[in-house]
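J.: here is my input, please return the structure:
(chains A, B and C)
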Amino acid sequence: MGSAFAQDARTTLIVAAPRTPESLDQEYPPTEAVHEVRRNVYERLLGYAPKTVDGIVYEDFGKIVGALAETWDVAPDKKAITFHLRKGVKSSAGNELNADSVMWSFERGWNLKSNFHWYMTQILKIASFQEAFSKIDDYTVKVSIPNSSPLIDRLWVNSDLGILDAVEMKKHVTSEDPWGGKWLASHSASFGPYSVTEYSPGQQVVYEANESYYRGAPRLKKIIVREMPTSSNRVAALQGGSVDVAEYLLPRELSLLEKAPGVKIWKVFGNYIHRVEMNNTTAPFTDPKVRTALNLLVPRDEILKAVYFNTARPTKSPISEIYPGFTDQFFNYSLNIEKAKQLLAEAGLKDGFKTELGYRTGDQLEEEMAVILKSAFAKAKVDVTLSKLPASTLVERYTKGEIPMYFFRDMAIVPDAAYVANLWLNSGSLIDYSRFKSQEVDQLINTALTSVDEPKRLEAMKRVQQITVENAPWVFLFNPGYQLATRANIKGYSWYTPNGNAWYDFVKE
Amino acid sequence: MTETSVRNVLSQISKRPAAIIGLILLALQLLAIIFAPILATYSPVEADPINSLQPPSSDHWLGTDVSGMDVYSRIIFATRINLLISISAVAVAFVIGVPLGLLIGFYRGPVSSLAMRIFDFVQSFPVFVLGMALVSVMGQEIWNVAIVLAVLFIPMFARLIRAETLSLRERPFISAARCSGATDLSIMFRHVLPNALTPAIVQISISIGMAILLTAGLSFVGAGVRMPTPEWGLMVSAGAQQMILGIWWVSLFPGMAIVVSVLCFALLGDAAKDIMDPHTRNRR
Amino acid sequence: MDRIVRLWRTMPRPARILLARSPLIVPQMLGVMLVTFVLVRLLPGDPALLMLGNMATPENIASLRQRLGLDRGIWEQFVRYVWNVLHGDLGISLFTSNPVSTDLMQRAPATLELISYAMILTVLIGVSVAVAAVVRKGGFIDILSRVYGLAAGAIPDFWVGLLLIYFLFYLGGIAPAPFGRLDAFIPPPGRITGFYTIDGLLTGNFAASWSALGRLVLPVLTLTIVNAGALMKMTKTTFADVYRSEFIRHQRASGLPERAITRSALRNSLPPIITMVGFLFGFLLGAAVLVETIFSWGGLGQYAVQAVINSDYPALQGFILVAAAFILIVYLVVDILYELADPRIQV
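T.: From the prediction side, this is the model:
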């Protein structure tokens, strides 16, 4: 009894997370908790080669390797990709991977008009399912796209494009629910290293190892992820040893834990960019002088020390600093109240103006920063009313353009500067909430998305960064990085662009 | 009513130490309200992140919170906000609830029963969730919080007055007034109301205390006033996360302020009850 | 008509009380549903937009809204809602993807366990202190009760909870960690009642019972400290009135021992005490929202707070409906018990 318990303890990992995933369905909109499920449960066709830096495993964005696809061929005109599936890959239910599963997964994604559909239509510009997706034989699938795309291969690394175990799924479809949406919301059917054996939303989710996983059975057999919404509770649980991993802690708490015995903090630069976006079509933010003035009022050093405890880095570009194409050469905003006042005076706002800043309920960091920014902006007579709003209200208001300033923390999971710029800076993008519009930027991005000339793309993105930094559609704040606190006997930490932890890489000593 | 002349009231108060304490606390709060800018040592809304979470010291008497704002100064300024919200909420509830109670107590019948059922129903809603939802809809303004509280308190005053009215309307002096040809309205307002008011007036003080607690509670769950408004409940909430990590001053002191304030109104309410109730008035 | 009246008079009194009082619940519940529905619909925030985030396109938004049932007219949505509720379907939570009724049933025992223990402790302390204070007027307990009553009415319960965490957990190290109902390594006992303390005993999982009991200490104390004071004050007034009444004086004059007199006075104060306990139950449900948030209890209160934060309409509606229904039923039961207990009330 004793040794069995000890054995169990060593292969079981207990995690404290801020929330359990809202759904296990791959077509559910991607949230942080959902990204983590997909990282552990679903397997994709391709991946990036791993590289280890300072004991942490990263993805090498320059090198794509096969995952469920053993090999793949990209047509020279980059208008087609053929996947040769790995043989003998077994799902948690024991079914073998073949082209039927892949085609069924594609069909499901296409018909549910959610994540898969978005990628296929927005990035690869696919218009017709029949023309794009075809099964060549039992282990070969081909995807053809109308225009060449530089992302034709690396897009398939995305965790939202996992392959489902169609044999298992088909047991749970009904005539009203032909894609098994109801079942997949609370179960998993996949070829990944884990399957979900217990799902109690709001309480916990339990993963168990897929012993027949093609890369080898996971070392951790059972992962219990408990929902503990309050970060300080997660801290106390970790310190007390009742959990092995505490996710999403505040910088203050992390700095406290660094000194605690038996605890280790893993830190990576990550790809989050946290900024205050301004509605560029609402006065006075229509004037770039006003926007740059606000950037000159931010006490970045103070915030870095007092709010982030030196774990973040100032944002110097709208592109993440770890992605190819990033440059910080155009960023030169530092605290300069006099210059800010001068710019405001030039914009006709010598006596300042009133405005509103929205932030999410429950986000302590945003609230701390909001209070600091309010005081900072007041120095140039900019009177900011702080509005704490439930997430969906905030999202609705900035989507409709009804709130002048709001916090926005986001990351793009495809490590490509044009992809990132296209999301947030292309005036045609639906998530360019700040409504930034520059014809030159639009043109540069659109060309870069279809061009396959790498040096030319990089030049274009450099220019995009210059224009956007100088025009300051956002108040550039910080890249918070990603940190994970674990007990000292947990090793093997890895980081992937969607930021969900991959339990397969972890081991408990 | 004639027995409660000013001199009489003063002598009653002097015999009750609880009442004296209550008045002193009230005076302290009034001082905090009027002289806040002088009594405070820092601005209540200016963030100073470098000095966040400092324990009490000679510089910051009660320490600083997570944004570096001085706890003591914020407590002083918060007196204005907390009392403003509570007193206006109770005032509105009183002004609406009393006549309402009078009417439904006087005119018994289906409308009166309906009103009672509506009150039951308002009071059966889970208070905090209702408050959160309402403030979400209306926005985090001080006035909205006061309105939400007023809505919750109206049934209380109405019920009180109704109970008194029900028993008073059977009394001989009312029948006498009716015989002498007085109209319903004049009976209600000139004869019934003055006699029914006593418990309601006592209730005012207690309600202000309850309102302070409710405002603090609403702010605690994030449904009260917006940051960085100095308000006691919001301050306790801001420090709640740090309690478990051993940082005690951010929540302790505003909580004490709440206790002192509510205690003050409770003492005053008790004293008012003692004084106005002829049974207990001269018992000491 | 005459026959009905005669029939009415011949029915046993308890039956008459039940029949007269119960039907009122129906219109009240309908009213609750209407108000809840309107209120929640007024809540700003489009959950579809929130959920889609980066993936938002007009197509996706429309398709998600349709999936969530948000695209139909308001009246139609309401009628469907009432129809569903009457069939036990409270909708599907936008954020847990579970039926709301399942969510509520999963979390209800957590809240009920907390409130029940708090109720028991509150009544025990409140009533006994009140009775002792009245019986030995002017004594130590009386003075203590006056101070306690005054203090308890002024202390915010969320503050008490935080102080208990700080002193008993952080400083003293004697209380178990203030998050959740069980220690992380102990699996929950098999579900019979949903009360971990009871289920643990029933299934032989004593470790679970013990851990659950330990975790209950701080939140139950938090709720009790404030509410026992309130109950005590109200009980004191009622009990004092009865204790000093004519018939008690008569009993004493007739030579009845003090113990018997106290018991008799208590029995006669029961009706108003029952009413107060009923109100207290309803009040505790509201107070549980705050306490559950502080202690990460995972009950209905926390669910409600998350629902408001996430604009999760169905969950919020479901919670308010169930909470209001619960409170209305408690009031009804209390009303009925009151009338049963007091023979002077005519029906």
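
J.: just the CA trace of stretch A:304-313, in CSV.
T.: What follows is stretch A:304-313, C-alpha atoms only, in CSV (Å, rounded to 0.1, in the frame of the first residue of the first chain):
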residue,chain,number,x,y,z
LEU,A,304,9.0,47.2,-14.5
LYS,A,305,10.3,47.3,-11.0
ALA,A,306,7.2,47.7,-8.9
VAL,A,307,4.6,45.8,-10.9
TYR,A,308,6.7,43.2,-12.8
PHE,A,309,9.6,42.8,-10.4
ASN,A,310,11.9,42.8,-13.5
THR,A,311,10.4,39.7,-15.1
ALA,A,312,9.1,41.6,-18.1
ARG,A,313,10.6,43.5,-20.9
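
J.: can you tell if it touches chain B?
T.: Yes - against chain B, stretch A:304-313 shows contacts by C-beta under 8 Å from any C-beta of the partner chain at A:305, A:306, A:307. All C-beta spots, glycine's among them, are computed from the backbone N, C-alpha and C.

J.: just curious, which of those is nearest to residue B:264?
T.: residue A:306 (36.5 Å; C-beta to C-beta).

J.: what sits against that closest one?
T.: A:372, B:49, B:50, B:52, B:68 (C-beta atoms under 8 Å, 6 or more residues apart in numbering or on different chains).

J.: and which of the residues you listed is nearest residue B:81?
T.: Closest to residue B:81, out of all of these and judged by C-beta to C-beta, is residue B:68, at 20.2 Å.

J.: where's that closest one relative to chain C, distance?
T.: 21 Å (C-beta to the nearest C-beta, to the nearest Å).

J.: and what of residue A:256?
T.: 13 Å.

J.: ranking helices and strands of chain C by mean pLDDT, which lands last?
T.: helix C:47-52 (a mean of 64; mean pLDDT, DSSP states H and E).

J.: quick one: stretch C:312-326 near chain A?
T.: No - Stretch C:312-326 lies out of reach of chain A by C-beta under 8 Å from any C-beta, never closer than 8.6 Å.

J.: tell me the buried residues in that stretch?
T.: C:312-326 (16 or more other C-beta atoms under 10 Å in any protein chain shown).

J.: list of residues touching that stretch?
T.: So stretch C:312-326 is contacted by B:121, B:124-126, B:129-130, B:133, C:29, C:32-33, C:36-37, C:39-41, C:43, C:47, C:81, C:85, C:90-96, C:100-101, C:103-104, C:108, C:282, C:285-286, C:300, C:303-304, C:306-308 (C-beta under 8 Å, 6+ apart).

J.: including secondary structure, distance to residue B:274 and pLDDT, could the residues of stretch A:304-313 next to chain B go into TSV?
T.: Below are the residues of stretch A:304-313 next to chain B laid out as TSV (DSSP: H, G, I helix; E, B strand; the rest coil; distance: C-beta to C-beta, whole Å; pLDDT from 0 to 100):
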residue	secondary structure	distance to residue B:274	pLDDT
A:305	helix	57	89
A:306	helix	52	86
A:307	coil	53	89
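
J.: among the contacts of stretch C:312-326, name the ones in helices.
T.: Among the contacts of stretch C:312-326, DSSP state H puts B:121, B:124, B:129-130, B:133, C:29, C:32-33, C:36-37, C:39-41, C:47, C:81, C:85, C:100-101, C:103-104, C:108, C:282, C:285-286, C:300, C:303-304, C:306-308 in helices.

J.: out of the residues you listed, which are buried?
T.: For these, a burial check counting by 16+ other C-beta under 10 Å picks out B:121, B:124, B:129-130, B:133, C:29, C:32-33, C:36-37, C:39-40, C:47, C:81, C:85, C:100-101, C:103-104, C:108, C:282, C:285-286, C:300, C:303-304, C:306-308.

J.: just those that are near chain A?
T.: C:47, C:103, C:303, C:306, C:308.

J.: isn't the last one right up against residue B:134?
T.: No - counting by C-beta atoms under 8 Å, residue B:134 is not a contact partner of residue C:308; they are 10.3 Å apart.

J.: quick check: neighbours shared by those two?
T.: residue B:223.

J.: what about residue A:71? Give its phi and psi, please.
T.: phi -140, psi 170 (degrees, to the nearest 10).

J.: distance check, it against residue A:65.
T.: Applying C-beta to C-beta, to the nearest Å, the value for residue A:71 to residue A:65 is 10 Å.

J.: which of these two has more neighbours?
T.: Between residue A:71 and residue A:65, counting by other C-beta atoms under 10 Å in any protein chain shown, residue A:65 is the more crowded of the two (14 against 10).

J.: check contacts around the nearest residue to the more buried one once chain neighbours are set aside.
T.: In space, and not counting its chain neighbours, residue A:65 is closest to residue A:49: 4.8 Å by C-beta to C-beta, 6 or more residues apart in numbering or on different chains. By C-beta under 8 Å, 6+ apart, the contact set of residue A:49 is A:59, A:60, A:63, A:64, A:65.

J.: mind listing the residues bridging to residue A:49?
T.: Residue A:49 has these beta-bridge partners by DSSP bridges: residue A:60.

J.: can you list contacts of the longest helix seen in chain A?
T.: The residue-count maximum for a helix in chain A (DSSP H) belongs to helix A:454-471. Residues from elsewhere that reach helix A:454-471, judged by C-beta under 8 Å, 6+ apart: A:150, A:288, A:291-292, A:316-319, A:324-327, A:330-331, A:417-418, A:421, A:425, A:436, A:438, A:440-441, A:444-445, A:447-448, A:451, A:476.

J.: with stretch A:9-16 instead?
T.: A:219-226, A:228, A:233-234, A:237-238, A:242-247, A:490, A:501, A:503, A:506, A:508, C:184-185.

J.: do stretch B:87-102 as well
T.: B:115, B:145-147, B:149-162, B:165, B:188-189, B:192-193, B:196-197, B:200, B:204, B:207-208, B:211.

J.: distance between it and the chain's centre?
T.: Stretch B:87-102 sits 12 Å away from the centroid of its parent chain (C-alpha atoms, centre = their mean, to the nearest Å).

J.: show me which residues of it are buried.
T.: B:87-90, B:92-94, B:96-102.

J.: same thing with stretch A:171-189?
T.: A:173, A:179, A:180, A:181, A:182, A:183, A:184, A:185, A:186, A:187, A:188, A:189.

J.: which bits of chain B sit near chain A?
T.: Counting by C-beta under 8 Å from any C-beta, chain B sits next to chain A at B:45-50, B:52-53, B:66-69, B:136, B:140, B:222, B:226-228, B:241-242, B:244-245.

J.: now, which of those residues lie within helices?
T.: B:136, B:241, B:242.

J.: quick one: the helices in the stretch 101-250 of chain C?
T.: C:140-154, C:157-164, C:196-202, C:206-243, C:246-253 (DSSP state H, counting those that start in this stretch).

J.: okay, those helices, which one's buried deepest?
T.: Most buried of the helices of the stretch 101-250 of chain C, by mean neighbour count (mean count of other C-beta atoms under 10 Å in any protein chain shown): helix C:157-164, with a mean of 24.

J.: is chain A contacted by it?
T.: No - figure legend: helix C:157-164 not in contact with chain A (C-beta under 8 Å from any C-beta); closest approach 11.4 Å.

J.: kindly export that helix (C-alpha atoms) in CSV.
T.: The C-alpha trace of helix C:157-164 is given here as CSV (Å, rounded to 0.1, in the frame of the first residue of the first chain):
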residue,chain,number,x,y,z
ASP,C,157,-18.1,39.0,7.5
PHE,C,158,-15.6,39.1,4.6
TRP,C,159,-13.2,41.0,6.9
VAL,C,160,-13.6,38.4,9.6
GLY,C,161,-12.8,35.7,7.1
LEU,C,162,-9.6,37.5,6.1
LEU,C,163,-8.5,38.0,9.7
LEU,C,164,-9.1,34.4,10.5
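
J.: no more questions from me, cheers.
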